[in-house]
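**Q** below is the structure, and that's it, no one-letter string:
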């Protein structure tokens with residue numbers, strides 16, 4: 001299955017999902033109800049056989065296709081953090097307190113969000129220009 005498109009096309013891997021335990025979600029999070037499954041999603045690289053492991057926590061009955069799709073979003077998140085580090089200095093701080101670190105990271109993430117919005121607007125096609133009709137109303141007789 002593919003976890004989504006990468007820079008070179010579909011990212012195809014072999015996948016397997018092992019359900020480990022069904023748990024009552026309300027015991028762990030008041031906002032969740034019903035049975036949830038703790039599981040292990042395993043990805044194998046087709047070319048070299050390398051394995052990657054992902055811990056899951058999802059509603060019981062969630063299919064492997066959905067878990068693979070969600071895991072595929074991790075690539076975009078990691079790419080965003082790399083961009084924030086390179087372009088905005090996310091990792092260039094020498095703070096000595098949690099407050100300083102929090103302010104630095106918050107400011108960088110705000111700048112990143114603004115940059116993404118500006119980039120999106122700049123990359124959208126501009127609407128075609130329309131000719132305006134003008135009438136000669138300089139003098140009335």
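**A** Cool, got the structure. Since the structure is predicted, the reported quantities are computational estimates derived from the model, not experimental observations. Numbering: from 1, shown residues only.
**Q** what is the helix or strand containing residue 118 packed up against?
**A** Using DSSP states H and E, residue 118 maps to helix 98-123. For helix 98-123, the packing partners by 3 or more C-beta pairs under 8 Å, 6 or more residues apart in numbering; DSSP states H and E come out as helix 64-88. No exception for glycine: its C-beta is placed from N, CA and C like everyone else's.
**Q** how far does the helix holding residue 118 sit from its chain's centre?
**A** 15 Å (C-alpha atoms, centre = their mean, to the nearest Å).
**Q** same thing with stretch 25-40?
**A** 23 Å.
**Q** equivalent analysis for stretch 124-132, please.
**A** 32 Å.
**Q** span of that stretch from start to end?
**A** By C-alpha to C-alpha, to the nearest Å, the extent of stretch 124-132 from end to end equals 24 Å.
**Q** ok, residue 100 touching residue 93?
**A** Yes. Residue 100 is in contact with residue 93 according to C-beta atoms under 8 Å; the separation is 7.5 Å.
**Q** can you pull the buried residues of the helix holding residue 118?
**A** Within helix 98-123, the residues scored as buried using 16 or more other C-beta atoms under 10 Å are 104, 108, 112.
**Q** got it, and stretch 73-87?
**A** By 16+ other C-beta under 10 Å, the buried positions in stretch 73-87 come out as residue 84.
**Q** report the rounded mean pLDDT for it.
**A** Throughout stretch 73-87, pLDDT has a mean value of 86.
**Q** just to revisit the earlier point, okay if I get the buried residues of helix 98-123 as TSV plus distance to residue 29 and pLDDT?
**A** Below are the buried residues of helix 98-123 laid out as TSV (distance: C-beta to C-beta, whole Å; pLDDT from 0 to 100):
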residue	distance to residue 29	pLDDT
104	30	91
108	29	92
112	29	92
